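1. coordinates only, no sequence provided:
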């Protein structure tokens, strides 16, 4: 028996020092730490610009509003994602058009193609567990003359782009690669989450990365979006605090969704060691899991790397062949009884009350339900020890095989499974 949390934040002395530096500076809202974090994200992703915000959800609402998405418009989203993906569309008054996914958790390009109408303004592709969608296929699709010809522009930004906007919901995929480069480069807009459980955290927060076509001025868009996060105000608090700098104007109806420096400081310390320490550590845990489960006939390995893509190893989405949702839940109960915290990513949105009431039905998304019913997210983070990883593997194997044996022999007496020894 151990006590293994699911996803604790990575807090070391460098993080504490960075936060203390912010506190001692006497400047804790948006200022130099946010600017420094944005530059680190630009360096990591080679994006044209990065704008930090107070959450992924805020960033998504901002970018949909920036693009002029409104009532009567449609945005295509996968049914298999966290609710914020669709909620951001609803907050703009538009309709989330849910489509099914493929077996790799990614939104189905074939389902997208069938869902596109003249009302489609954007596609939000979700990188589940850190695994990038096939952005080559999605970019090719929205550029097809037949698809592009359906697009009806109704705002200045839409006229400038003159096609469907491709947004990457990259809440899980900071550090993922596509074709040897940052996966963030493959979409017009990529939005990261820095929530407490993410690979890099700011406690709460997110970041918008811009990789729009060259007819957009990245510097001008950054300036505009920065104002948008501050109620459309011409000066931020730091500028106003300088001597004689109190005058400001409100240019448009913005939002109040800026990230404060006290939060940015946490992420700034982490991102500086992300590629060299934190990301390799997560990958090491994932590979140890794959090695530990490789001989189990019931094990479905998550997508981690192929000829084009590599995950950010945010989650380890274990899937078990040919089990029911009820069996999966019993397996989770057994694993947690051993002191291991696990999770499920995600409950498909059509199973949630809000979306049921809006008319979405899970029967329309069979692949999403299949993945959900068989999925268990295991702990994966740099602080895990080899002993803890071995205990998790052994406990999972024991819990799964106990359930499978019970299912094969329902009248057999219960048998307790002790975790087997696993060494690395």
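-> That came in fine, so what should we check first? Just so we're clear, the structure is a prediction, and the values are computed from it rather than from any experiment. Residues are numbered from 1 along each chain as shown.

2. look up how far residue 37 lies from residue 210.
-> 16 Å (Cβ to Cβ, to the nearest Å). C-beta: built from backbone N, CA, C; applies to glycine.

3. just the strands from the stretch 251-400 of the chain, written as ranges.
-> Secondary structure of the stretch 251-400 of the chain (DSSP state E, counting those that start in this stretch): strands at 299-300, 309-310, 316-320, 375-378.

4. can I get those in CSV including distance to residue 269 and mean pLDDT?
-> Below are those laid out as CSV (distance: least, Cβ to Cβ, whole Å; pLDDT from 0 to 100):
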stretch, distance to residue 269, mean pLDDT
strand 299-300, 36, 98
strand 309-310, 24, 98
strand 316-320, 25, 98
strand 375-378, 26, 98
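
5. now these in a markdown table, with mean neighbour count and distance to residue 136?
-> Formatted as a markdown table, the strands of the stretch 251-400 of the chain follow (neighbours: other Cβ atoms under 10 Å; distance: least, Cβ to Cβ, whole Å):
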| stretch | mean neighbour count | distance to residue 136 |
| --- | --- | --- |
| strand 299-300 | 17 | 25 |
| strand 309-310 | 22 | 10 |
| strand 316-320 | 23 | 23 |
| strand 375-378 | 23 | 26 |
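
6. in JSON lines, list these along with distance to residue 165.
-> Below are these laid out as JSON lines (distance: least, Cβ to Cβ, whole Å):
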{"stretch": "strand 299-300", "distance to residue 165": "33"}
{"stretch": "strand 309-310", "distance to residue 165": "22"}
{"stretch": "strand 316-320", "distance to residue 165": "28"}
{"stretch": "strand 375-378", "distance to residue 165": "30"}
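
7. out of those strands, nearest to residue 84?
-> The closest of these to residue 84 is strand 375-378. By Cβ to Cβ, the value is 17.3 Å.

8. which residue ranges make up the domains of this structure?
-> 13-271, 274-408 (automatic domain parsing).

9. just put the ones you listed in TSV and tack on distance to residue 3.
-> Supplementary listing: these in TSV, determined by distance: least, Cβ to Cβ, whole Å:
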stretch	distance to residue 3
domain 13-271	18
domain 274-408	5
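
10. those domains: which one's closest to residue 2?
-> domain 274-408 (4.7 Å).

11. wait, which of the strands of the stretch 251-400 of the chain is closest to residue 219?
-> Closest among the strands of the stretch 251-400 of the chain, using Cβ to Cβ: strand 309-310, at 30.1 Å.

12. show me the contact partners of the closest one.
-> Here strand 309-310 makes contact (Cβ atoms under 8 Å, 6 or more residues apart in numbering) with 131, 132, 134, 176, 177, 178, 183, 303, 304.

13. repeat that for 7 Å
-> Applying Cβ atoms under 7 Å, 6 or more residues apart in numbering, the contact partners of strand 309-310 are 131, 132, 176, 177, 178.

14. which one of the residues you listed is nearest residue 346?
-> Nearest to residue 346 among these: residue 131, at 13.6 Å, using Cβ to Cβ.

15. distance check, that closest one against residue 62.
-> Counting by Cβ to Cβ, the gap from residue 131 to residue 62 is 25 Å.

16. least trustworthy helix or strand in the chain by mean pLDDT?
-> Within the chain, no helix or strand scores below helix 237-241, which has a mean of 76 by mean pLDDT, DSSP states H and E.

17. buried residues, that one. List them.
-> Neighbour counts over helix 237-241 (16 or more other Cβ atoms under 10 Å) mark residue 238 as buried.

18. distance from that helix to the middle of the chain?
-> Distance of helix 237-241 from its chain centroid, counting by Cα atoms, centre = their mean, to the nearest Å, is 32 Å.

19. how about residue 72, secondary structure?
-> coil (DSSP: H, G, I helix; E, B strand; the rest coil).

20. and it, backbone torsions?
-> Torsion angles at residue 72 (phi, psi; degrees, to the nearest 10) stand at phi 100, psi -20.

21. about what we covered before: okay, residue 210 and residue 37: which has more neighbours?
-> Between residue 210 and residue 37, residue 37 has the larger neighbour count (other Cβ atoms under 10 Å), namely 29 against 21.

22. returning to that earlier point: so for residue 368, which of the strands of the stretch 251-400 of the chain sits nearest?
-> So among these, strand 375-378 is nearest, using Cβ to Cβ, at 10.6 Å.

23. how about the closest residue in space to residue 169 that isn't next to it in sequence, phi and psi?
-> Distances taken as Cβ to Cβ, 6 or more residues apart in numbering put residue 126 closest to residue 169, at 4.2 Å, once the chain neighbours are dropped. Note on residue 126: backbone dihedrals following degrees, to the nearest 10 are phi -110, psi 130.

24. list the residues that contact residue 126.
-> 78, 81, 85, 107, 169.

25. how about residue 181?
-> Shown in contact with residue 181 (Cβ under 7 Å, 6+ apart): residue 46.

26. that one pairs with what?
-> Residue 181 forms beta bridges with residue 178, as assigned by DSSP bridges.

27. list the buried ones in the helix ranked longest in the chain?
-> Assignment by DSSP state H gives helix 386-408 as the longest helix of the chain. Neighbour-count burial for helix 386-408 flags 388-400, 402-404, 406 (criterion: 16+ other Cβ under 10 Å).

28. stretch 238-251 too?
-> Judged by neighbour count using 16+ other Cβ under 10 Å, the buried positions of stretch 238-251 are residue 238.
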